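J.: requesting a structural model of the entry that follows:
(2 chains)
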Amino acid sequence: MVTRIPSLDDPRVLVETPATIYDAIPPYAPRTEREAEFYTLRDGEMLVNMGPQHPSTHGVLRLVVKIEGERVVDLDPVLGYLHRGIEKLSENADYHHAICYTDPLEYVSSLFNELAPVMAFEHLLDLRVPRRAEYIRVLSCELNRIASHALFIGWMALDLGGITPILYSFIERDEIVEMLAALTGQRMLFNYMRIGGVNGDLNHEFLSRLGDWMGHALAQVEADTALLNQNEIFVRRTRGLGRVDRRTALELGISGPNVRACGVPYDVRRAHPYSVYPELEFEIPTREEGDSYARYMLRIDEIKQSIHIIDQVMHQMPDGPVMAQLPRRITPRPGRAWAAVESPRGQYGCFAISDGTDQPFRFRIHDPSFVNLQAVVPLMPGNLLADTMAVMASLDPVMGGIDK
Amino acid sequence: MSVVARSSGRLSPSGKVVVPLLGALVLLLVVLLAGVGTGLIPAIVIWIGGVLIANVAIVRFVVAATAVLLFTIPTAFVIIFLELKVIAFMNLRIGPNRVGPWGTLASVVHGLKVLSKEDFTPTGADVTVFTLAPVVTFVGSVMAFMVLPFGPGLFGVDFNVGLLYFFGVGGLGVVGLLMAGWSSFNKYSLLGGLRSAAQMVSYEIPLTLSVAGVIMLAGTMSLNGIVQAQSGSFLDWFVVRQPLAFLVFFIAATAEANRTPFDLTEADSEIVAGFATEYSGMRFGFFFFAEYVNVFLLSGLAVVLFFGGWTAPVPWPWPVHILLTSSELGPALIALIVVVPVVGSVLFALPVWMLRSEWPFWRAWILGLVLFSLLAIGALGIYLLINLDALLGIVWFFAKAYVFVFTFVWMRATLPRVRIDQLMGLAWKWLLPAALVNLFLTALAILVVHP
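T.: Numbering: from 1, shown residues only, chains lettered A, B, ... in the order given. The predicted structure follows:
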């Protein structure tokens, strides 16, 4: 079968290509050396197009996998299926408005998406946030981190064929989502952070739910993960799989739990402290192995640390306002600001340039998923096709953040 | 103007059904009257009866085959319902609860949905092979049912090489999966088909070898003979003498039935739906059907080979065969049919009438009759259970088999999936040597005990 496609040089000229509509080969001449090498099949090799619609790609990632039998030879992630132009949209909105746009970026941990730009804008404005607001920010973000990690645990099991753990971990996630809904009014895209504070103070329903949950949170996490942690099949499938060594991880710029699983204790909360984290006691759990199992176990440790942080925040919560006094129309003086937070997936940063108007001149999001996803290309070759999803799941990318 | 004289185009939709039916009924009546009048129909009936009696074995086979074929449908439905409900329970969900009491008809509705869906054939598929594949898979499982003994005297055929036949026909399923994988013109299907071929071929060997010890102990390959060799108490079951073989058999059977943790052929998180990716409608339904029939089949085989088949775990302690002697049978029957219902129903009706004095007596009496009938059916059931070995056997067989079905479902709710190299490693590095060791030990034991 031969397909005719428009030529790259002149769209009116049709050229023949060996690729058919059934192949994952792009219908144009290779544009880079890497592309030419990747899309040339040697004897016995086959391209399998995983995604953008596949039961276990996280979101709409398309992985073109070159396989020989069951073994992965090479891999090419194709991005852009969820691009919504959020950065550009935010540059055409005023500062308050931009926060709503960033909300659905990494939709599993929305509060962090709001926190980073809010902090950047506060740097531009040289604004001091009330201490109660800072504590509430930390509290809600840590809750969101637990919800995000709970989803990760379930997804990891689901990608390895276990159907029950996701429903167990959703016990936690659902309770936290209900809690945050009581606090913010939304279940998923909270839109809670404001420049200069947060949208509302803690309310009775949130506090009573939190108090109920904190009583058994640690025991519940242990109980929910017990099905998987020591499961022989799970351990054998993940231990030693997708191993990243410390050097590669640093070279690729991986952050978050993925880099801490390689033994690098890099956590933005401690490395570049923000908000009230310097006043709180918590550990940065690390693991040396750097494999999928380490990445999984590390997230469970982080859930426990987050519960510890929430406990302290509730004990140290000061009184006072939750919003700073500032005008409705914000016009920061010209300048540039960078703010980074430790999101459940790593260093989530925001870079904003102000030109003195009420709209950011340049608005840029640094998303950890995008950086972490790079690791899948050097990690995969040599593994089996079934491991593609196990490695992908353990890196925990969210396509909403990658494609922006 | 009569209804029949109308042109069919003017009939209402129900008329279009009713009128031809009426016509067919009238025609049938005429044919019957004419046949009986000329003596043709009695002659044909007598001739057919003669033929049937002359070929009892064939008739028995056909009846058994039909019964088995029909039996697969409720079996699949029950297992699908069990899977939905048990996994829901283990997942802390409610599960199906809309159709029928406790959602019991959910699987029937699933079946109807599958029937009503579009039967889709992808471009580029090898249509003949694509169409045949589900049939081959399904036929393989149903054919294996023929030798499975459900109770004493309740089996399709009693082969002297029943077990061999079972594995031979059971192996047909993989041909169907491979055909489906190859003909679908889809890379996921191809991978799934190849995986299933590799998996089945690897696991047939430990499966068959693990059973060899049982064959040596029973001295026969007939499944009936194997069950009879285990009659007695539960200490005579082969699982006591062949625990290692049972372990190997169970793991290999899980892989043969494509169940979690060995469901690599349809691993949804890796290769979408494997061989079934391009199938829809009833063709897909047939694959599913075959899978669930296979689950029951291998559970039944595990029961027959290792858990004494239809035999009770302990010999029945109560006196059996309390049938009335033939001289007492006549008056007893009259009493049963005439006297007991009348007296019994009135006895049941009286307390009802006392409690509900506003009712007329006939109303209480009808309720009494219903209550008495229920009691009578229950008593009859218990009587049959004690007296008919076949019925008792079937109850034991199903009880044991569904324990294994439940275990398969339980494993699906609990375990993640293994990887293809681990799957192969398990078969060749662990199960095969274990089966061989078991075979060797069994042979040695037989040599020592019965030289």
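
J.: and stretch A:391-400 with chain B, contact?
T.: No: Stretch A:391-400 does not reach chain B (CB under 8 Å from any CB of the partner chain); its nearest approach is 8.6 Å. Glycine gets a C-beta too; all of them are placed from N, C-alpha and C.

J.: return the set of buried residues in that stretch.
T.: A:391, A:392, A:393, A:394, A:395, A:396, A:397, A:398, A:399, A:400 (16 or more other CB atoms under 10 Å in any protein chain shown).

J.: can I get the residues you listed in a markdown table with secondary structure and pLDDT?
T.: Below are those laid out as a markdown table (DSSP: H, G, I helix; E, B strand; the rest coil; pLDDT from 0 to 100):
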| residue | secondary structure | pLDDT |
| --- | --- | --- |
| A:391 | helix | 86 |
| A:392 | helix | 85 |
| A:393 | helix | 85 |
| A:394 | helix | 87 |
| A:395 | helix | 87 |
| A:396 | coil | 86 |
| A:397 | coil | 87 |
| A:398 | coil | 87 |
| A:399 | helix | 86 |
| A:400 | helix | 85 |
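
J.: out of the residues you listed, flag the one nearest to residue A:158.
T.: residue A:393 (8.0 Å; CB to CB).

J.: so which bits of the stretch 301-404 of chain A are right by chain B?
T.: A:384, A:385, A:386, A:387, A:388, A:389.

J.: let me know the pLDDT of residue A:120.
T.: Among the per-residue scores, residue A:120 holds a pLDDT of 92.

J.: now stretch A:210-230, how far from the centre of its chain.
T.: Remark: stretch A:210-230 is offset 23 Å from the chain centroid, using CA atoms, centre = their mean, to the nearest Å.

J.: ok, and what's touching that stretch?
T.: A:143, A:150, A:153, A:157, A:162, A:164-165, A:168-169, A:171-172, A:175-176, A:179, A:234, A:297, A:300, A:303-304, A:307, A:310-311, A:314, B:414, B:416 (CB atoms under 8 Å, 6 or more residues apart in numbering or on different chains).

J.: tell me the buried residues in it?
T.: Result for stretch A:210-230 [16+ other CB under 10 Å]: buried residues A:210, A:213, A:217, A:220, A:221, A:224, A:225, A:227, A:228, A:229.

J.: and residue B:27, how close does it get to residue B:426?
T.: Distance of residue B:27 to residue B:426, given as CB to CB, to the nearest Å: 64 Å.

J.: ignore the last one, residue A:201
T.: Distance from residue A:201 to residue B:426, by CB to CB: 58 Å.

J.: more neighbours, those two?
T.: residue B:426 (19 against 15; other CB atoms under 10 Å in any protein chain shown).

J.: how about the contacts made by that one?
T.: By CB under 8 Å, 6+ apart, residue B:426 lies in contact with B:251, B:418.

J.: residue A:313 too?
T.: Counted by CB under 8 Å, 6+ apart, residue A:313 has contacts A:135, A:138, A:139, A:142, A:280.

J.: ditto for residue B:443
T.: Residue B:443 is in contact with residue B:216, counting by CB under 8 Å, 6+ apart.

J.: output the set of residues of the stretch 101-250 of chain B in proximity to chain A.
T.: B:124, B:185, B:187, B:188, B:191, B:195.

J.: how many residues are close by the fourth one?
T.: Using other CB under 10 Å as the criterion, residue B:188 is surrounded by 24 other residues.

J.: what of residue A:327?
T.: Residue A:327: 6 surrounding residues under other CB under 10 Å.

J.: the residue in the stretch 251-400 of chain B that chain A sits nearest to and residue B:439, how far apart?
T.: Closest residue of the stretch 251-400 of chain B to chain A, CB to the nearest CB: residue B:269 (3.9 Å). Using CB to CB, residue B:269 is found at 37 Å from residue B:439.

J.: look at these two and report which has more neighbours.
T.: Between residue B:269 and residue B:439, counting by other CB under 10 Å, residue B:269 is the more crowded of the two (24 against 19).

J.: mind listing which of the contacts of residue A:313 are in strands?
T.: Assigned to strands by DSSP state E, none of the contacts of residue A:313 qualify.

J.: wait, which of the residues you listed is closest to chain B?
T.: So of these, ranked by how close each gets to chain B (CB to the nearest CB), first place is residue A:142, at 25.5 Å.

J.: for the closest one, give me its contacts.
T.: A:306, A:309, A:310, A:313 are the contacts of residue A:142 under CB under 8 Å, 6+ apart.

J.: dump these to JSON lines, plus secondary structure and pLDDT.
T.: Listed next are these as JSON lines, based on three-state DSSP; pLDDT from 0 to 100:
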{"residue": "A:306", "secondary structure": "helix", "pLDDT": "92"}
{"residue": "A:309", "secondary structure": "helix", "pLDDT": "92"}
{"residue": "A:310", "secondary structure": "helix", "pLDDT": "92"}
{"residue": "A:313", "secondary structure": "helix", "pLDDT": "92"}
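
J.: which of those sits closest to residue A:261?
T.: Using CB to CB, residue A:306 is the member of these that lies nearest residue A:261, at 16.7 Å.

J.: I'd guessed that closest one sits against residue A:148; true?
T.: No: applying CB atoms under 8 Å as the test, residue A:306 and residue A:148 come out as separate, 10.0 Å apart.

J.: and those two? which has more neighbours close in?
T.: Legend: neighbour count by other CB under 10 Å for residue A:306 and residue A:148, higher for residue A:148 (25 against 22).

J.: sorry, back to before: which one among the buried residues of stretch A:391-400 gets closest to residue B:353?
T.: Nearest member of the buried residues of stretch A:391-400 to residue B:353, counting by CB to CB, is residue A:393, at 69.3 Å.

J.: how near is the closest residue in space to the closest one that isn't next to it in sequence to residue A:385?
T.: In this structure, residue A:393 finds its nearest non-sequential neighbour in residue A:159, 4.1 Å apart by CB to CB, 6 or more residues apart in numbering or on different chains. According to CB to CB, residue A:159 and residue A:385 sit 13 Å apart.

J.: go on, residue A:61?
T.: Distance check for residue A:61 against residue A:385: by CB to CB, it reads 16 Å.

J.: same thing with residue B:197?
T.: Residue B:197 is 16 Å from residue A:385, by CB to CB.

J.: so which of those two has more stuff around it?
T.: residue A:385 (22 against 18).

J.: for that one, give me the backbone phi and psi.
T.: When read as degrees, to the nearest 10, the backbone of residue A:385 gives phi -60, psi -40.

J.: so who does it touch?
T.: A:48, A:65, A:67, A:70, A:71, A:72, B:191, B:270, B:271.

J.: would you turn the residues you listed into JSON lines with secondary structure?
T.: Shown next, in JSON lines, are the contacts of residue A:385 (DSSP: H, G, I helix; E, B strand; the rest coil):
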{"residue": "A:48", "secondary structure": "strand"}
{"residue": "A:65", "secondary structure": "strand"}
{"residue": "A:67", "secondary structure": "strand"}
{"residue": "A:70", "secondary structure": "coil"}
{"residue": "A:71", "secondary structure": "strand"}
{"residue": "A:72", "secondary structure": "strand"}
{"residue": "B:191", "secondary structure": "helix"}
{"residue": "B:270", "secondary structure": "helix"}
{"residue": "B:271", "secondary structure": "helix"}
